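J.: Take this sequence and fold it.
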Amino acid sequence: MIADINTDLIVLGIWGLIFAIFIIKLFQSIRLVPTKSAYIVERLGKYHTTLDAGFHALVPFIDKVAYVHDLKEETIDVPPQECFSSDEVNVEVDGVIYISVMDPVKASYGVTDYRYAAIQLAQTTTRSVIGTLDLDRTFEERDVISAKVVEVLDQAGATWGIRVHRYEIKNIAPPETVKNAMEMQVNAERERRALLAKSEGDKQSKINRSEGVKAEMINRSEGEMQKRINEAEGKAEEILTIAKATAESIERMAQVVSAPGGKNVVRMQLGAQYLKQFDGLTNSANKIVLPGNMMDFDHWMDSIGLEESKD
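T.: Below is the predicted model:
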């Protein structure tokens, strides 16, 4: 009787286990797919359908979700790798890829692991592109390297069901000896540019000073020239004015002399001036020699035609 009870318990346990497995599979057959995700469903080991975002019910024990893909754009780090430039310099390059799954079916069955495949292809393409460039150009041609990697990955991505949006190089690290040489070269170039800028500044400063001195000398010479011109014009104007005044005086003197009694007036004025000359000589310490006959003045007046009027 105890054996029968044990047998019944074993059978009941087996049926309970089967029921539990069925319940678990039933719950597993119900799938809620998030937004921007895709589930690949296989039926009896063969691709059946792709589940988009939403509620889905599968057939227990027959259908299963074989692959789950995130359709959002994702970043994949490309590990550092050694590359040789065209001038035989070893550099270490790493980067990052931005990709997204466009066709979940091809991403599942077109390649074993599209992430690993994209990384390997990016590394090999980077090595081949850097091998065509000199070391100096590898730092300048990052865009060229990135564009070439994106182009190659896009061609392969059509088969893998992915799209490569961009590829960015994070670091290009040359050996320490090359880095030190490049730093020395950069410092030398900076010093050369500093010396060149200083010499250009000194040259321009000397040019500016010489132009200033030149302008100052020109201004002074022009000022001196204008001064002399003004002085000459002033003297000419003065001479002209004196000449005009003298001419007018002579003309008036002639009119006075020709007038009745004019000669007597002239004689009187000349005599007054003649006598006035002796006024300042009386106090002089010098000796004064006077004519013996003061009446010779009348004879001098007669000699110049200013004889006394008969009137």
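J.: low-scoring pLDDT stretches of the chain, where are they?
T.: Counting by pLDDT under 70, the ranges of the chain that qualify are 1-5, 8, 19, 178-179, 181-182, 253-311.
J.: what domains does the record give for the chain?
T.: Using automatic domain parsing, the domain parsing of the chain gives 2-70, 74-174, 198-258, 260-280+289-311.
J.: Looking at those, which one is packed in the most?
T.: When you average the neighbours per residue for each of the domains of the chain (mean count of other Cβ atoms under 10 Å), domain 74-174 leads with a mean of 17. To be clear about C-beta, it is placed using only N, CA and C from the backbone, and glycine gets the same treatment.
J.: re the thing from before, redo the domains of the chain as TSV? Include distance to residue 185.
T.: Listed next are the domains of the chain as TSV, based on distance: least, Cβ to Cβ, whole Å:
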stretch	distance to residue 185
domain 2-70	46
domain 74-174	9
domain 198-258	20
domain 260-280+289-311	97
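J.: Which of the ones you listed sits closest to residue 186?
T.: Ranking those by proximity to residue 186 (Cβ to Cβ) places domain 74-174 first, at 11.1 Å.
J.: okay, how far is it across the closest one, tip to tip?
T.: 29 Å (Cα to Cα, to the nearest Å).
J.: so where do the helices sit in the chain?
T.: Applying DSSP state H to the chain gives helices spanning 2-28, 104-109, 114-130, 135-140, 142-160, 176-258, 262-276, 296-303.
J.: who wins for proximity to residue 74 among those?
T.: helix 114-130 (8.4 Å).
J.: and the helices of the chain as CSV, adding distance to residue 69?
T.: What follows is the helices of the chain, written out as CSV (distance: least, Cβ to Cβ, whole Å):
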stretch, distance to residue 69
helix 2-28, 19
helix 104-109, 5
helix 114-130, 9
helix 135-140, 35
helix 142-160, 12
helix 176-258, 42
helix 262-276, 135
helix 296-303, 144
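J.: mind checking which of those is nearest residue 81?
T.: helix 114-130 (5.1 Å).
J.: send the alpha carbons of the closest one over as CSV?
T.: C-alpha atoms of helix 114-130 as CSV (Å, rounded to 0.1, in the frame of the first residue of the first chain):
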residue,chain,number,x,y,z
TYR,A,114,27.2,43.0,-36.7
ARG,A,115,28.8,45.0,-33.9
TYR,A,116,32.0,42.9,-33.9
ALA,A,117,32.0,42.9,-37.7
ALA,A,118,31.6,46.7,-37.8
ILE,A,119,34.5,47.2,-35.4
GLN,A,120,36.8,44.9,-37.4
LEU,A,121,35.9,46.5,-40.7
ALA,A,122,36.5,50.0,-39.2
GLN,A,123,39.9,49.0,-37.9
THR,A,124,41.1,47.4,-41.2
THR,A,125,39.8,50.4,-43.2
THR,A,126,41.5,52.8,-40.8
ARG,A,127,44.8,51.0,-41.2
SER,A,128,44.6,51.0,-45.0
VAL,A,129,43.8,54.7,-45.2
ILE,A,130,46.5,55.8,-42.7
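J.: Report all helices and strands that it contacts.
T.: strand 74-84, strand 90-101, helix 142-160, strand 162-173 (3 or more Cβ pairs under 8 Å, 6 or more residues apart in numbering; DSSP states H and E).
J.: rerun at 6 Å
T.: Packing contacts for helix 114-130, counted by 3 or more Cβ pairs under 6 Å, 6 or more residues apart in numbering; DSSP states H and E, involve strand 74-84, strand 90-101, helix 142-160.
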